[in-house]
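Participant: Here's a sequence, model it:
(chains A and B)
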Protein chains: 2
Amino acid sequence: MAEEAEAGKRAWVGFDLGGTKMMAVVFDQDLRVLGKKRRKTRSSGGGSVGLDRLAETIELALAESGVTVDQLAGVGAGCPGPLDLQKGIILEAPNLGWKNVPLQEYLAKRFKCPAVICNDVDAGVFGEYSAGVAQGQRSVLGVFPGTGIGGGFVYEGRILRGTRSSCMEVGFLQMATEGGTAGAGPAGTLEGLASRLAISAEAAKAVYRGQAPHLRALAGTDLSRIRSSTLAAAIEQGDEVVEQIVRRAAEQVGRGIGSLINILAPDLVVLGGGLVEALPRLYLDGVREGIRRNALPSLVDQHKLKTAELGDLAGATGAAALIRQHVFPAE
Amino acid sequence: MAEEAEAGKRAWVGFDLGGTKMMAVVFDQDLRVLGKKRRKTRSSGGGSVGLDRLAETIELALAESGVTVDQLAGVGAGCPGPLDLQKGIILEAPNLGWKNVPLQEYLAKRFKCPAVICNDVDAGVFGEYSAGVAQGQRSVLGVFPGTGIGGGFVYEGRILRGTRSSCMEVGFLQMATEGGTAGAGPAGTLEGLASRLAISAEAAKAVYRGQAPHLRALAGTDLSRIRSSTLAAAIEQGDEVVEQIVRRAAEQVGRGIGSLINILAPDLVVLGGGLVEALPRLYLDGVREGIRRNALPSLVDQHKLKTAELGDLAGATGAAALIRQHVFPAE
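Facilitator: Numbers count the residues shown, from 1 in each chain, chains lettered A, B, ... in the order given. A predicted model of the protein is given here:
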């Protein structure tokens, strides 16, 4: 009976908290999906985002899985930063209108089980390490170019992190003394030069100059309409300038990864995110070229480059794997 | 009797193999120095550098310490790269005229005890972690600007490394798309822009242009005579242009460290090497300014910046600490 209860306790929730959507996934001990629930982060009523909405999403996923709160061994949540990892607090999440939210404590109390929060990109990389393309690798650098450019590093089975905060802010690698900025940051950072947002801005300029007729038809010059899938469609239809813009950005990301290869000497580099999913071949070719230009020859041969395979499940999977590691450190 | 033998076995040799000098240091279990021997790496006869000369240096240090080979628990050696850490081989050391030298195996056989080799800068940082300024820190980034710019990272008590090779090639961070090169590498790397060699070249240009009269008197335009101590003396005597050159390089190094703070979020950054020792205040001021410009504000507050304190004993100390960790992983 006790054994049964113990076995029953081995369901885990991984939660992925995004600016626009959130997802709760229930996993068994081996990280197989038992059920999941995805919702918009903000309710359609437009009210402020409450912790209740988050907890309800988890409860809906549990219900779909046939798992009761009693059977829950732990909850992990991947969150947009900056975070205080020691205290389990989301310090600030502008997209959510959150400041100093003690999410870890809230989850632990609400679900009466251990809880942990971590950076969302770290969660994605740890997901790929735990159940995706990076299983069994001694050291894995994950880079996820999107609106920003996030990164994570899993070394000998553990997420590399700062004492108080997350790390691997790949987007803030200094690449040049001039060039695009990311928010109020310095010029010439990788994120300022090569994020999806930087690409969209360059592409919008090309539309404005009449160099990208297909993208004009698809999205006009409105940055918020130029998404990864739109870029892919315009390239498919023949907008060569757009292709060059994406390739150049991918090369910049590759140069950044090349610098990181010199620093971290990872066995595997995993690339994920919307741009990579929409344009895998073009993007990887550009990244490879950039790596070749910046990484030391002796280190270039030592890494493999692969695309992520868990898609939008990566974050929840990693968050669940992380709380499982906290509860059972030896496994 | 067995206990005495076991206790007697706890002397360690740390070896620091440099291009011009080498040093063997004998330590007790707590890394207190029992004796040491330093020699030029090449014999004055000018012959090729043999492993015998290296072993003799260790034997001389043992003799000075009153420690016998029987009492030796292990030998660690910090070596110039590139190394094959899995096989314990120095792949290439141009300054020594070495190629594919199986140093680890040689030391183990010659001294009949466990042996390990590691990167020389890693050894220095691990030395500061084990017995110097970085004791007890969860994560330590060490940066040693010299002829090149080396780095090392100690995370939760262990040196971060690649599976086959060393990592933390801080000198090959990409800082700009243009600018100085380091050897045949790409333009704009940190080492190309800001190493002591890059500084000396800029300073020699200033001498040539007549802007640095004191440095002219001290060294002329000969790069190989413009060492850290010469730069310090010229600045002391009033060569403002030289001061600006050093400060600008220190700022570049600070910008590189700022990028690395965004990546690694270290608790402590340790700066060492000849330039830092010769010009501690000027150099640290420059580095601080560079960090402030490149690191994310949320991470700037989380690290401390200190100068190394073990001087030229750091490498041997770290090499001894590393073999001790290999033999007694739990301690």
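Participant: what stretches of chain A score poorly on pLDDT?
Facilitator: The model of chain A has pLDDT under 70 over residues A:1-9, A:43-49, A:184-186, A:331.
Participant: What ranges does it have for its helices?
Facilitator: Counting by DSSP state H, chain A has these helices, from start to end: A:2-8, A:51-65, A:103-111, A:120-131, A:190-194, A:196-208, A:213-219, A:228-237, A:240-264, A:274-278, A:280-294, A:297-300, A:314-327.
Participant: So which of these is nearest residue B:294?
Facilitator: Of all the helices of chain A, helix A:190-194 sits nearest to residue B:294, with 11.9 Å by CB to CB. Just so you know, the C-beta spots here come from the backbone N, C-alpha and C atoms, and that holds for glycine as well.
Participant: Touching, residue A:204 and residue A:224? I think so.
Facilitator: No: distance between residue A:204 and residue A:224: 10.1 Å, which falls outside the contact criterion (CB atoms under 8 Å).
Participant: the more surrounded of those two?
Facilitator: Neighbours around residue A:204 and residue A:224, counted as other CB atoms under 10 Å in any protein chain shown, are more numerous at residue A:204. The numbers are 20 against 8.
Participant: How about the contacts made by the more buried one?
Facilitator: Taking CB atoms under 8 Å, 6 or more residues apart in numbering or on different chains as the criterion, residue A:204 is in contact with A:221, A:222, A:223, A:226.
Participant: switch the cut-off to 7 Å
Facilitator: Remark: with contacts taken as CB atoms under 7 Å, 6 or more residues apart in numbering or on different chains, residue A:204 is in contact with A:221, A:223, A:226.
Participant: neighbour-wise, which of these leads?
Facilitator: The most crowded member of the contacts of residue A:204, judged by other CB under 10 Å, is residue A:226 (26 neighbours).
Participant: Quick check: it vs residue B:236, distance?
Facilitator: To residue B:236, residue A:226 is 57 Å away according to CB to CB, to the nearest Å.
Participant: Any chance of a markdown table for the helices of chain A, columns distance to residue B:176?
Facilitator: As requested, the helices of chain A are arranged in a markdown table below (distance: least, CB to CB, whole Å):
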| stretch | distance to residue B:176 |
| --- | --- |
| helix A:2-8 | 58 |
| helix A:51-65 | 43 |
| helix A:103-111 | 40 |
| helix A:120-131 | 26 |
| helix A:190-194 | 12 |
| helix A:196-208 | 18 |
| helix A:213-219 | 31 |
| helix A:228-237 | 28 |
| helix A:240-264 | 11 |
| helix A:274-278 | 25 |
| helix A:280-294 | 12 |
| helix A:297-300 | 21 |
| helix A:314-327 | 34 |
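Participant: Let me know which of these is the nearest to residue B:63.
Facilitator: Nearest to residue B:63 among the helices of chain A is helix A:297-300 (37.9 Å), distances taken as CB to CB.
Participant: Surely residue A:137 is in contact with residue A:267?
Facilitator: Yes: contact status for residue A:137 versus residue A:267: in contact at 5.0 Å, counting by CB atoms under 7 Å.
Participant: Which one of the two is surrounded by more residues?
Facilitator: Taking neighbours as other CB under 10 Å, residue A:137 and residue A:267 compare with residue A:137 leading, 22 against 19.
Participant: The more buried one and residue B:21, how far apart?
Facilitator: 39 Å.
Participant: who in the stretch 51-200 of chain A is up against chain B?
Facilitator: Taking CB under 7 Å from any CB of the partner chain as the contact definition, the stretch 51-200 of chain A meets chain B at A:82, A:138-139, A:155, A:160, A:162-165, A:167-169, A:172-177, A:186.
Participant: Apply 6 Å and report the result again.
Facilitator: When proximity is defined by CB under 6 Å from any CB of the partner chain, the stretch 51-200 of chain A lies next to chain B at A:82, A:138, A:162-165, A:167-169, A:172-174, A:176-177.
Participant: go on, the stretch 201-331 of chain A?
Facilitator: Residues of the stretch 201-331 of chain A that fall close to chain B, judged by CB under 6 Å from any CB: A:255, A:259, A:262, A:263, A:264, A:265, A:267, A:294, A:296, A:298, A:302.
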